[in-house]
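S.K.: Got a predicted model here, sequence first, then my questions.
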Amino acid sequence: MTTTFSTSDICTAPPRLHVSSRFVDDVEPGPGFPFESGLPTSVEETLELLPTSAFSCWVRDTSGLIGFGRTLRIRARGSDRFTELSKAWKAITDAASIEDEVDLLGSGLMCFATVAYSGESEVDSLIHVPEFVLGRRGGRVWMTSIITEGATPVPPVLKSEPLRRVTSATSSPGDLDSSSWADLVAKVSQMLTPVGDSAEVDPFTEDSTLRKIVLARDELVTSDDDIDVRSVLGELNRSYPSCWTFDVAGLIGSTPELLIGVENARVTSRVLAGTYRVENDPTSEMPAARKLLSAHKDSTEHAFAIASLQRSLSSVADDVSVDERPHLLPLANVIHSASDASAHLPEDSCLNALDIAAAVHPTAAVGGYPQASAVAHVDELEPLDRGRYSGPVGWMDDRGNGQFGIALRCGQLEDRNRIRLFAGAGIMPDSDPLAEVAETEAKFAPMRRALGLE
Ligand SMILES: C=C(O[C@H]1C=CC=C(C(=O)O)[C@@H]1O)C(=O)O
């Protein structure tokens, strides 16, 4: 049974969780061995072992965390959603007893989390604590069990069930069709003030002139049969191995953008802004992408995204450094301009990965530039509630470590056979509305393909 708590319930009476992590790749099949037909050797084989619903996932290439069963869920809404969830998580971790023979990133007590983009959203932000976690990192496989004090642990025996590809999906426009969205792009680009060709972007400027706004659109995909989420995740992981493929509370996707990673006080982030649409093959189109992404519109858009991260990350971390020049990140559907950043948490910092995500959200990749004025306009101009799209999605542990991606290239499951897809684009003063529509089409492509639509 799933129990969803408010953050105040948790802080008033934190449940005592018992946590145990052990390796399962050196255990002989027999009593206590969790797999009916041997240790899974790939992400696909692992997905086949899961129930068709009620699981969570954060996987990149062959490493990651897959949770199933539910020990508890915590929800929050409004502008304090980050602080409230973080406080509740700290209360839980303080009360927990943990045995962790694995001691790898993601072992021990952990939770998955997904946070709404806006404090105005009517969608819950959630922490989800699974009953079991299968982890794979550095060639090792482990299992964690997380149970509430007094509950009897029932060790699982996982049976394989083939993934069912989605074959009967159809799509329809969401809140705005593409031509109304193009009209909105045209209106918004008129509201923005260009910067000069040679202007440096100063991260610490107090200038509030509006330069960039990210606008999103949605699309509804419905299928005759239930959507086998395991199959969607398998497709995404296979086609986008360098992205973080996730499913948390039915928010499913594969994001190329790491908002924040925290590992033993080292903070990392991957900033993306500037997009080239791949026509056929990303490798042969790299020169064309380089040309487009180094031109004024995309290079300024990228500079805004870096400036915004530098400013917000400096408020919580020391030694913030960003790549001197962006690099190209080729994916099957698009090529992005990307910069990697790193920083260190001060020794006396008691912030966890969710706190750091809160400090940098929303970046210019999903809000705009400068942050405060852009965000107010997004809420006012967009007719849709983004829900958890473009918010932080990922996991964290009891030591403050964790990884949060920006929930992009994703959809929110609304029913067993219905999912709402989201995609957005950074609008600049010189944006061409039809090119921005085409860019969002390219950003829908990973989910559409995984749902059998393209
Ligand atoms: C808002 C999205 O992408 C962002 C991330 C990378 C590049 C972007 C761009 O070039 O506009 C967007 O800022 C999305 O995928 O929905």
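M.R.: Yes, it's here.
S.K.: What ranges does the chain have for its helices?
M.R.: Assigned by DSSP state H, the helices in the chain fall at 7-12, 43-48, 81-95, 178-191, 229-239, 286-294, 296-314, 353-360, 371-381, 433-450.
S.K.: Would you mind finding the most buried of the ones you listed?
M.R.: helix 353-360 (a mean of 25; mean count of other Cβ atoms under 10 Å). C-betas here are computed from N, CA, C, even on glycine.
S.K.: Identify all contacting residues around it.
M.R.: Contact with helix 353-360 is made by 82-83, 85-86, 89, 113, 115, 259-262, 267, 269, 309, 312-313, 315-317, 345, 351, 392, 394, 396, 400-404, as judged by Cβ atoms under 8 Å, 6 or more residues apart in numbering.
S.K.: for the helices of the chain, which one sits closest to the ligand?
M.R.: Closest of those to the ligand is helix 433-450, at 4.2 Å (criterion: Cβ to the nearest ligand atom).
S.K.: Tell me the buried residues in stretch 271-281?
M.R.: Going by neighbour count (16 or more other Cβ atoms under 10 Å), the buried part of stretch 271-281 is Val271, Leu272, Ala273, Gly274, Thr275, Tyr276, Arg277, Val278.
S.K.: Can you lay out those residues as TSV showing pLDDT and distance to Val188?
M.R.: Formatted as TSV, the buried residues of stretch 271-281 follow (pLDDT from 0 to 100; distance: Cβ to Cβ, whole Å):
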residue	pLDDT	distance to Val188
Val271	95	22
Leu272	95	20
Ala273	92	16
Gly274	93	18
Thr275	95	17
Tyr276	96	21
Arg277	96	20
Val278	96	26
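S.K.: could those be laid out in CSV, adding distance to the ligand?
M.R.: Listed next are those as CSV, based on distance: Cβ to the nearest ligand atom, whole Å:
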residue, distance to the ligand
Val271, 9
Leu272, 4
Ala273, 5
Gly274, 5
Thr275, 4
Tyr276, 9
Arg277, 10
Val278, 13
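S.K.: Could you measure from Leu220 over to the ligand?
M.R.: Distance of Leu220 to the ligand, given as Cβ to the nearest ligand atom, to the nearest Å: 16 Å.
S.K.: Quick check: residues of the stretch 301-450 of the chain near the ligand?
M.R.: His336, Ala365, Val366, Leu408, Arg409, Ala423, Gly424, Ala425, Gly426, Lys443 (Cβ under 6 Å from any ligand atom).
S.K.: what about the stretch 201-350 of the chain, any weak spots by pLDDT?
M.R.: Within the stretch 201-350 of the chain, not a single segment meets pLDDT under 70.
S.K.: run the last query once more with 80
M.R.: 204, 206 (pLDDT under 80).
S.K.: which one is Gly228 nearest to, not counting chain neighbours?
M.R.: Not quite, residue 228 is Asp, not Gly. The shortest distance from Asp228 to any non-neighbouring residue, by Cβ to Cβ, 6 or more residues apart in numbering, is to Arg164 (4.1 Å).
S.K.: on that earlier part again, now tabulate the helices of the chain in a markdown table and tack on distance to Leu329.
M.R.: Below are those laid out as a markdown table (distance: least, Cβ to Cβ, whole Å):
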| stretch | distance to Leu329 |
| --- | --- |
| helix 7-12 | 36 |
| helix 43-48 | 21 |
| helix 81-95 | 27 |
| helix 178-191 | 24 |
| helix 229-239 | 15 |
| helix 286-294 | 10 |
| helix 296-314 | 12 |
| helix 353-360 | 19 |
| helix 371-381 | 23 |
| helix 433-450 | 14 |
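S.K.: Of the buried residues of stretch 271-281, which belong to strands?
M.R.: The strands, defined by DSSP state E, take in Val271, Leu272, Ala273, Gly274, Thr275, Tyr276, Arg277 from these.
S.K.: Enumerate every residue touching the fourth one.
M.R.: Read that as Gly274. Counting by Cβ under 8 Å, 6+ apart, Gly274 touches Leu293, Asp298, Ser299, Glu301, His302, Pro326, His336, Ser337, Gly426.
S.K.: Tell me which two of those sit farthest apart.
M.R.: Maximum pairwise distance among those (Cβ to Cβ): 14.1 Å, between Pro326 and Gly426.
S.K.: Tell me which of the helices of the chain lies nearest to Pro153.
M.R.: Closest to Pro153 of these is helix 81-95 (Cβ to Cβ; 18.0 Å).
S.K.: what helices or strands is that closest one leaning on?
M.R.: On a contact count with 3 or more Cβ pairs under 8 Å, 6 or more residues apart in numbering; DSSP states H and E, helix 81-95 meets helix 7-12, strand 63-76, strand 125-137, helix 353-360.
S.K.: average pLDDT across it?
M.R.: For helix 81-95, mean pLDDT is 97.
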